[in-house]
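Enquirer: next input, structure requested:
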Amino acid sequence: MLSKLFKRKSVPTKDGNEGSSELGKTDFVKVFEIELSNMEGAPLYPLENQLIVGSEVGDILVSDPSISPRHATFTLQDEVVSIIDHGSVSGTLINGKKISTGKNIILEESDRISVGDLEIKIVVKKNVVKAGAVPEIPEAQEKKSSEEATKLRVYTPKSLANPSTRQENQKKSHQKITKKKSLVLSAPTHSTNAILRVFAVASDLLVSYSLIVILMPFDDFRGFLEFVPGEISSILEIDWQQFKMAIIDDNPFLGEFLGEFTSLFAIDFDFYGLFIVYFALRFLTTIILGVSASEFFLGIRSTGNFIWARIGGPLRVTLGMFTWPFVIFDLTSILSRRTLKEFLTFTNIHTPSAFVSILGIIIYIPIIFCLAVVSPLIQGFEPPTTILVNDKIDQRVKSKVLKDNAEAGLSEFEPQIDSSEMLKLQISYNPSELLILPTMSFRGVKEKLKLNTSLTFYQRDLQRPIEVEVFKTFDFKQLLGIGIKGNYLLFEKYPKIHNFVYESDEKNPVFKKHLDAKSQRNFATEVIKFTKTAFSLDAENALEIIETETPFLKGFIDYKNSFLSLIEYKDFHEISYLKIGNAIFMKISFNKQKPFDLIIPLLMGEGKIYKVNFDKKENIKTVSTKFYKFNLDETNWIDTPKQASTETMSTLKVYDLLSAPKLKTVLQSPESAQALYAYIFELSSDLLKRGDSIEIQLWKSDLTNLVKLLEVIPKSHVIEGQESSVDKLLQNVKDVMDAIENSNLEYFVSSETVSA
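Expert: Coordinates of the predicted model:
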């Protein structure tokens, strides 16, 4: 009995017709199939032993980003179907629950199976056969049948067909499978759309910009930016400057466009450095991720072989850097197709999940934009420090006595008026209170000896000398342009600065027409506000400045750094503003043992920094207040008249003479030498008569330096027997110095008599 139940079925040996008693004896055989239910046509595949599902390895090949190269395996044994996941990225789900990796899970017919985005059902059918008609399949033949399992490559597994089409396709698919023919469904491969590519490029540019801003203070990073183009030039033997000029010469419109484009942005920004960092960022991250960093976070992935994606990806990036100007090569991405550079490098990037890409656009791009905004605050990994600026304009407060005298029509003093074309000013002062001397000094040694000219203001009542020199000239338009160029949000907030940076030109008569006192005061007010905002910017108030001024903070940071580099000295005591004459000045005070101020007139035009040196720290506030508010109270800085061409020399005219670029040539002129001697003679006589020892000592020091200057001036060609104007002037100055040294007033009286 037991032997009959468990006996293996054998092949029938009887021939001819079966008896009627055998017709009713039938067997039912279960046939297991795998249905890809969410694919178009819902194709069926027979499960006889094993079916491997994957994107690169397996019996059912599905080219979909959610399917791993070897994703999962279905196994049939003793009419029991099981599944095992091979460590796939997206995982395998049964009835919505993810199964463990490497563990066989027994399946029921009703289970809903998800292999990545592919939905699968187990279909069980019963085929009716005559009893004893099921042959025993040898083990070798069974193995061969498994190896010859039908393979299917699917490109678009997510499309669903209508029920009627689905049933018809199931029938056709089953018929093809029973004939052991390979079924291939060829649908187009989808690539990343052009819009998402543009977002990725823009994000990579923002990341590159942030890296440049943060790392630029480091010498190694700047060296890298200089090393790369230099090495490329040496390898390719290309002079980039000549190459650029050749292109501009052949295409003049391109040169005009580039000129106008760069004028809109901060003039000190390194666009070549941005290009280098952008390429390096995309190249390195593509080696690691298969796509660039921004592409990865925006949901873009590479398809195909893992290793080739890391090799072909950098090749794709390199090729793209050369083909990007020719946008026509990338137009296919508008239709979600592969671009030329992907075709040539046998690579492809795609977007497996639209949800992930949308999430990346919503979250990642704002984060990168915020990084670009705040990157100036962490430049060099050091947050900016706040510099306090006293924006109150300090100006002279006239006393009641002066006011009463003015109302009565009384003059406080008989003013002396002098002007300088070099200094661009006209000064009106009381000669009984203030003495102004042209001063010379030498700096350096031997061949590097340099003449430095200045003005010494001697306050007679306080007996304190103050030396004023032009410390530096600079392009004020360029300095302000660093802070405002390219930042359109600041144009309406600072219209005077904007017009000065973009439209003003001293040679333009329209510009000159608007250089009145009121316009200059409005301009100075904007500069004060702009400077205070830039100098007060730090991590604590950055959000407030972003809300009230602009989210682009780099302009403020660059303006501040450029300003500090301009004044050179870092250990200043205070930054304040004061009114001197008819102009507003920025004053940077240095509280040292021998204190000094740097004062900058806030005027539209060439920028000047004047250095005001005080003799000592004692009573410095009283001395500086009297000098700025009273001695220079009537100074005109805005509309300076030209000097009259007279033979008489004044102090500021002598200053202009000594500051002239061709001083040696000018002094060789007999007329100039004679005029200079007349000024020296008259001033020496007046000082000797006054008898102030400090004044005389200051003047003797100036004459000593003048003698040194005249001794090194080369002599021009003169007629034999005649004396050169320089030699004659030198001898006369020495004679005056002897008279002063010996307090010889008779020398000046007798000389005047001889001259008369």
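
Enquirer: can you give me the strands in the stretch 351-500 of the chain?
Expert: All strands of the stretch 351-500 of the chain, identified by DSSP state E, counting those that start in this stretch, fall at 389-394, 416-420, 425-429, 434-443, 450-459, 464-474.

Enquirer: and of those strands, who's closest to residue 679?
Expert: Taking C-beta to C-beta, strand 434-443 is the member of the strands of the stretch 351-500 of the chain nearest to residue 679, at 8.7 Å. Placement of C-beta: from N, CA and C, glycine included.

Enquirer: okay, now the sheet partners of the closest one, with direction.
Expert: According to DSSP bridges, strand 434-443 has the following sheet partners: strand 450-459 (antiparallel).

Enquirer: and the angle for the partner strand with strand 464-474?
Expert: Here strand 450-459 runs at an angle of 140 degrees relative to strand 464-474 (axes from the mean of the first three to the mean of the last three C-alpha atoms, to 10 degrees).

Enquirer: the spatially most central residue of the chain: what secondary structure?
Expert: Centroid-nearest residue in the chain: residue 209, 4.8 Å away (criterion: C-alpha atoms, centre = their mean). For residue 209, the assignment made with DSSP: H, G, I helix; E, B strand; the rest coil gives helix.

Enquirer: show the pLDDT at it.
Expert: pLDDT, residue 209: 92.

Enquirer: can you pull the contacts of the closest residue to it other than its chain neighbours?
Expert: If the residues on either side of it in the chain are set aside, residue 209 comes closest to residue 372, at 5.5 Å by C-beta to C-beta, 6 or more residues apart in numbering. Going by C-beta atoms under 8 Å, 6 or more residues apart in numbering, residue 372 touches 206, 209, 210, 213.

Enquirer: thinking again about what came up before, let's have the strands of the stretch 351-500 of the chain in JSON lines, adding distance to residue 523, mean pLDDT and mean neighbour count.
Expert: Listed next are the strands of the stretch 351-500 of the chain as JSON lines, based on distance: least, C-beta to C-beta, whole Å; pLDDT from 0 to 100; neighbours: other C-beta atoms under 10 Å:
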{"stretch": "strand 389-394", "distance to residue 523": "13", "mean pLDDT": "87", "mean neighbour count": "15"}
{"stretch": "strand 416-420", "distance to residue 523": "23", "mean pLDDT": "89", "mean neighbour count": "17"}
{"stretch": "strand 425-429", "distance to residue 523": "18", "mean pLDDT": "90", "mean neighbour count": "21"}
{"stretch": "strand 434-443", "distance to residue 523": "29", "mean pLDDT": "88", "mean neighbour count": "19"}
{"stretch": "strand 450-459", "distance to residue 523": "26", "mean pLDDT": "90", "mean neighbour count": "18"}
{"stretch": "strand 464-474", "distance to residue 523": "16", "mean pLDDT": "93", "mean neighbour count": "18"}
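
Enquirer: ok, back up a step: which single one of the contacts of residue 372 is nearest to residue 664?
Expert: Among the contacts of residue 372, residue 213 lies closest to residue 664 (C-beta to C-beta), at 48.0 Å.

Enquirer: so which of the strands of the stretch 351-500 of the chain gets nearest residue 348?
Expert: Of all those, the one in closest proximity to residue 348, counting by C-beta to C-beta, is strand 464-474 (54.8 Å).

Enquirer: for this protein, name the helix or strand with the lowest mean pLDDT.
Expert: Ranking every helix and strand in the chain by mean pLDDT, DSSP states H and E puts strand 183-184 at the bottom, with a mean of 34.

Enquirer: spit out the contact partners of residue 628.
Expert: Neighbour list for residue 628: 578, 580 [criterion: C-beta under 8 Å, 6+ apart].

Enquirer: doesn't it fall inside a strand?
Expert: No: Residue 628 sits outside any strand when classified using three-state DSSP, being helix.

Enquirer: is there a quick ChimeraX command that grabs whichever of the contacts of residue 372 are buried?
Expert: Applying 16 or more other C-beta atoms under 10 Å to the contacts of residue 372, the buried members can be selected in ChimeraX as follows:
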select :206,209,210,213
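
Enquirer: for the contacts of residue 372, work out which two are farthest apart.
Expert: Farthest apart among the contacts of residue 372 by C-beta to C-beta are 206 and 213. That separation is 10.7 Å.

Enquirer: where does pLDDT dip in the stretch 1-150 of the chain?
Expert: Flagging of the stretch 1-150 of the chain using pLDDT under 70 yields the residue ranges 1-28, 128-150.

Enquirer: just to revisit the earlier point, now the residue nearest to residue 209: how far from residue 549?
Expert: Going from residue 372 to residue 549 by C-beta to C-beta, to the nearest Å gives 17 Å.

Enquirer: for this protein, longest strand please?
Expert: Ranked by residue count under DSSP state E, the longest strand found in the chain is strand 118-130.

Enquirer: can you name every helix or strand that it contacts?
Expert: If contacts are counted by 3 or more C-beta pairs under 8 Å, 6 or more residues apart in numbering; DSSP states H and E, strand 118-130 sits against strand 26-36, strand 113-115.
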